[in-house]
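**Student:** Sequence first, predicted model second:
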Amino acid sequence: MSYVASIHIYPVKSLDGIAVSQATILASGALEGDRSFAICDEAGELVNTKRNSGVHFLRLSFDIQKRMAGLKIQDTEQEIFFHVDRERPGIEYWLSNYFGFPVKLMENLLTGFPDDTAAPGPSIISTETIAEVASWFPRVSVNEMRHRLRANIEIGDVPAFWEDQLFPEANKLVTLKIGTVIFEAINLGHPCIRCTQNYAPKATDTNFQNLLKAKQEEIMPDLLKRGSLNHFNRLIVSMRVSGQAAGKILHIGDEVQISSASKSLFNTIPD
């Protein structure tokens with residue numbers, strides 16, 4: 001039986017995630033607390049790994065209940081703790097000094113700052129997919145690969161690349177039931193390539209994408225033939241959820257069921 005093996009949320013967009021045993025779905029479809037904060041420059045642009053390599057070397061710890069964030073620079077000992085409400089100016093001052101230009105820590109409790117605004121629900125991947133892809137890189141552990149891909153929900157007791165069956169035909173989607181919540185898988189997300197101690201960011205990005213593309217073409221030629229995947233450097237799947245799911249809770253251990261493809265990709269889930 002396929003099931004939810006783990007749940008991760010990422011309190012600050014582009015920074016480290018935390019493992020949780022359950023997560024509540026917001027009206028937007030996002031998980032409560034996921035990407036609810038974002039670092040922005042004075043122009044309101046996101047400061048992320050694509051625009052600033054310094055993000056790669058920031059480490060974050062986060063206590064959801066206490067609303068406390070810990071920040072440190074990778075490979076250093078000192079970690080500074082801030083209350084994200086009472087000490088917001090202190091966080092912004094520390095981050096501005098780190099990046100070398102003024103930044104703000106923005107918060108959106110309604111929708112967060114999703115990677116895919118068309119599918120703001122949680123992203124999913126199978127645990128075996130993470131393990132398989134990690135095995136292609138001798139110096140990258142499963143946990144490091146999990147950190148790079150940054151999916152919210154991992155599915156257990158399924159084979160590697162299980163998630164590719166969510167796209168059986170062009171312009172079609174399937175319904176995915178996790179516990180009591182109905183999702184639609186409507187988009188494949190780009191893996192977020194992040195630095196580790198063993199890989200430099202620029203080299204990692206090129207090597208990872210090229211090897212991933214070659215391996216997926218080798219392992220999944222049937223998907224290439226029928227055009228189900230238009231980018232082989234994609235792994236995680238973005239989800240969309242009905243507004244009726246607001247307030248429902250996903251738990252580790254929830255059963256996962258896939259329905260047959262029956263809807264057009266361009267339909268919407270009724271509220």
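**Tutor:** Happy to help now that I have it.
**Student:** starting at the chain centroid, how far to stretch 18-29?
**Tutor:** 12 Å (CA atoms, centre = their mean, to the nearest Å).
**Student:** State the distance from the residue nearest to residue 27 when sequence neighbours are not counted to residue 26.
**Tutor:** Leaving aside its sequence neighbours, residue 27 sits nearest to residue 246 (CB to CB, 6 or more residues apart in numbering; 4.1 Å). Where C-beta positions appear, they are placed from N, C-alpha and C, glycine not excepted. Residue 246 is 6 Å from residue 26, where distance means CB to CB, to the nearest Å.
**Student:** Looking at the two, which one has more neighbours?
**Tutor:** Set residue 246 next to residue 26 and count neighbours by other CB atoms under 10 Å: residue 26 wins out with 23 against 14.
**Student:** and that one, how far is that from residue 117?
**Tutor:** Distance, residue 26 to residue 117, by CB to CB: 14 Å.
**Student:** what's the answer for residue 211, then?
**Tutor:** Residue 211 is 29 Å from residue 117, by CB to CB.
**Student:** who has more neighbours, these two?
**Tutor:** The neighbour comparison of residue 211 against residue 117 (other CB under 10 Å) goes to residue 211, with 14 against 10.
**Student:** Where does that one fall, secondary structure wise?
**Tutor:** Secondary structure from DSSP states H and E places residue 211 in helix 201-219.
**Student:** again, but for residue 19
**Tutor:** strand 18-20.
**Student:** Sheet partners, orientation included, of that strand?
**Tutor:** Using DSSP bridges, the strands paired with strand 18-20 in its sheet are strand 3-9 (antiparallel).
**Student:** Quick one: distance of the strand it pairs with to the chain centre.
**Tutor:** On CA atoms, centre = their mean, the centre of strand 3-9 falls 12 Å from that of its chain.
**Student:** mind saving the C-alpha coords of it as CSV?
**Tutor:** Extracted in CSV, the C-alpha atoms of strand 3-9 (Å, rounded to 0.1, in the frame of the first residue of the first chain):
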residue,chain,number,x,y,z
TYR,A,3,1.5,5.9,1.9
VAL,A,4,2.9,9.2,3.0
ALA,A,5,6.4,8.4,4.2
SER,A,6,7.4,11.9,5.3
ILE,A,7,6.3,15.5,5.2
HIS,A,8,8.6,18.5,4.9
ILE,A,9,7.7,22.1,5.0
